[in-house]
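J.: structural data only, the sequence is not supplied:
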């Protein structure tokens, strides 16, 4: 299973090179990192995206922020 999740991360990271403003890609990257046990990386992924200019116009910003809060809760 880990290999599939790692491959998914590789594909999603490639997709963000093409469409870095697509918040759903960053959501999926964070979720996969979370499933792999990389909570700090998942949190950093969302924080990085939300701090950028693309996130301000993203219609799903609230959902991304909610996921970030839940991930932070798992770390604490």
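T.: Yes, it's here. In this text the structure is predicted, and so the values were computed from the model without any measurement.

J.: chain center to the helix ranked longest in the chain: distance?
T.: Secondary structure of the chain per DSSP state H: the longest helix is helix 2-18. Put simply, helix 2-18 sits 11 Å off its chain's centre (C-alpha atoms, centre = their mean, to the nearest Å).

J.: what comes into contact with that helix?
T.: Residues outside helix 2-18 that contact it (C-beta atoms under 8 Å, 6 or more residues apart in numbering): 22, 25, 26, 28, 29, 32, 33, 35, 36. No exception for glycine: its C-beta is placed from N, CA and C like everyone else's.

J.: list the buried residues for the lowest-mean-pLDDT helix or strand in the chain?
T.: Lowest on mean pLDDT, DSSP states H and E among the helices and strands of the chain sits helix 53-56, with a mean of 80. Across helix 53-56, burial judged by 16 or more other C-beta atoms under 10 Å covers residue 55.

J.: after it, next one along is what?
T.: Under the assignment DSSP states H and E, the closest C-terminal helix or strand after helix 53-56 is helix 61-75.

J.: run the chain-centre distance for that following helix.
T.: Per C-alpha atoms, centre = their mean, the displacement of helix 61-75 from the mean C-alpha position of its chain is 10 Å.

J.: which helices and strands does it pack with?
T.: helix 23-35, helix 39-51 (3 or more C-beta pairs under 8 Å, 6 or more residues apart in numbering; DSSP states H and E).

J.: and the first one, what does it pack against?
T.: For helix 23-35, the contact count by 3+ C-beta pairs under 8 Å, 6+ apart identifies helix 2-18, helix 39-51, helix 61-75 as packing neighbours.

J.: so it versus helix 39-51, what angle?
T.: 170 degrees (axes from the mean of the first three to the mean of the last three C-alpha atoms, to 10 degrees).

J.: any idea how far the nearest residue to residue 21 once chain neighbours are set aside is from residue 74?
T.: Leaving aside its sequence neighbours, residue 21 sits nearest to residue 54 (C-beta to C-beta, 6 or more residues apart in numbering; 3.6 Å). Residue 54 sits at a distance of 25 Å from residue 74 (criterion: C-beta to C-beta, to the nearest Å).
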